[in-house]
Structure formats: C-alpha cells, structure tokens
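**Student:** my questions are about this predicted structure, shown below with the sequence.
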Amino acid sequence: MNTKRAAAVLVALVLAETPSAIGAAAPELPWAVGTSWTYRVTVSRPNAFQSGTLKRAYGGRSTYRGKAVYSLDEDNTVVRGTEHDYFVWNGRYLSLVGQRILLSAVAIEIVYDEEVPWNVPAVRSGHALMLTHAADGDHRITVPWNLTVVDRGPVIITVPAGTFHARRWETHFDLGAIKALSTVDTVGLTAVREDIQQSDPQGSEHEIRELLRGPVP
C-alpha cells in the first residue's frame, strides 16, 4: 500500500462536535488513562484482501496547538501506522480538532478549522489544513471537508467481544478527494463495530472493524 493510500485509510473516521473546549468545570471522560480497545480489522479492495488488528487507547489530557484537549491513539497493523486524534469534550460528547498520522515514509497532520462532530446528528462543513512531511519535502495544502451524521436508531449487534444493544450512526464525510461512508454502532462513547466504505482518486476499499476486547458501558 502506498503512503497516500494508507493515509486515506487512517483519515476515514472523524466524527464529533461540542460547542466548547475543556474548561475547569468540564468532567473527566469515563475512562482511565491507558484504557484500550482492540478491534479485528478486515480491508477489501478490488484486487486484495488484508486482515489485522487495531488498538485504540485513551491518552488522557494533552495540549494541541495551544488548546487543552483529550487524546485517543490508534495503532493499525493493516496500514502499519499510528494515528493520534485530539478532541475537546463538554461532558456529553467529543469533538475532533486535529489528527497526526505517522506512517513508515510520511507524517501527516490535519488541522480542522471547526470542531468535527462524532456520533451526534449534524451537518457541517469547513476547511482543513493538511501538512505532509515526506522524503520529497514538506507540503502544505488546504482542503474542504463536508460532514453529515444521521442517527439510525437502536440495533442489536454481535461482534467477537459479545452481543450489545447499540446505537447506529451513519456518517458521510468528504475530506478533499477522500469520500467515506461509515456506519458505526456504539454503546455510549465506545464503538463496537465500524463499517467504512471509502474512495479517492487512487481507488476504493471496504474496511470493517469489530471489537475483540475492551470495556463497554
């Protein structure tokens, strides 16, 4: 997988909004620092199939570009990369403000001009600054993003970790030339299954993530 394609895979799930950043009165997230979830991952492309795991871990409070944030970190064996997502939190739901993606040959940072909603009904749009550091130098571009999140209601879903009463969210997210349709089944803030169909000028793919282990409310 080339670096641009791998970066597109890691960008697929960006999803949550809150009207305010962390303040002194904001409650903590319902996880201890270091809490982690492991997912079984399968990725299908027109001429290839891959499987592996994704580990998602809560990093606690941090600072991102001068803003107090919370962090979630991902290690994906399929694309052999890591992703650091930075959120603000209002006590009810999270809002993505930036991402750092590290692959073997490229480092990418995505800075959103507005907080991007995760699993809350929303229609939003804006622009994102994409900073890329690779062997051919540093690159800086601004791309539009468009997001629609729809609440599809309660579902009963079975994954390797068990059977859960979850809520299904359907998300259409375009980031520049990347177009993604995601169906995410959540229990509270925890995703138990994620189904992502994504395309860009280099091709298309279908990724499924199913919870293997980790705390579920």
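**Tutor:** Structure's in. What do you need? Numbering: from 1, shown residues only.
**Student:** show me what the strand of greatest length in the chain is packed up against.
**Tutor:** Using DSSP state E, we find that the single longest strand of the chain is strand 137-159. Where contact means 3 or more Cβ pairs under 8 Å, 6 or more residues apart in numbering; DSSP states H and E, strand 137-159 is packed against strand 106-117, strand 122-134, strand 162-175, strand 178-187, strand 190-200, strand 203-213. The C-beta positions use only the backbone N, C-alpha and C, and glycine is treated the same way.
**Student:** format those as a markdown table; extra columns: distance to Leu147.
**Tutor:** Shown next, in a markdown table, are these (distance: least, Cβ to Cβ, whole Å):
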| stretch | distance to Leu147 |
| --- | --- |
| strand 106-117 | 6 |
| strand 122-134 | 5 |
| strand 162-175 | 5 |
| strand 178-187 | 10 |
| strand 190-200 | 14 |
| strand 203-213 | 18 |
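**Student:** closest to Glu74 out of those strands?
**Tutor:** Shortest distance between Glu74 and the helices and strands packed on strand 137-159, using Cβ to Cβ, is found for strand 203-213: 10.2 Å.
**Student:** redo the helices and strands packed on strand 137-159 as CSV? Include mean pLDDT, mean neighbour count and distance to Phe87.
**Tutor:** CSV is the format used below for the helices and strands packed on strand 137-159 (pLDDT from 0 to 100; neighbours: other Cβ atoms under 10 Å; distance: least, Cβ to Cβ, whole Å):
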stretch, mean pLDDT, mean neighbour count, distance to Phe87
strand 106-117, 91, 20, 9
strand 122-134, 92, 15, 15
strand 162-175, 96, 17, 16
strand 178-187, 95, 20, 15
strand 190-200, 95, 20, 14
strand 203-213, 96, 18, 19
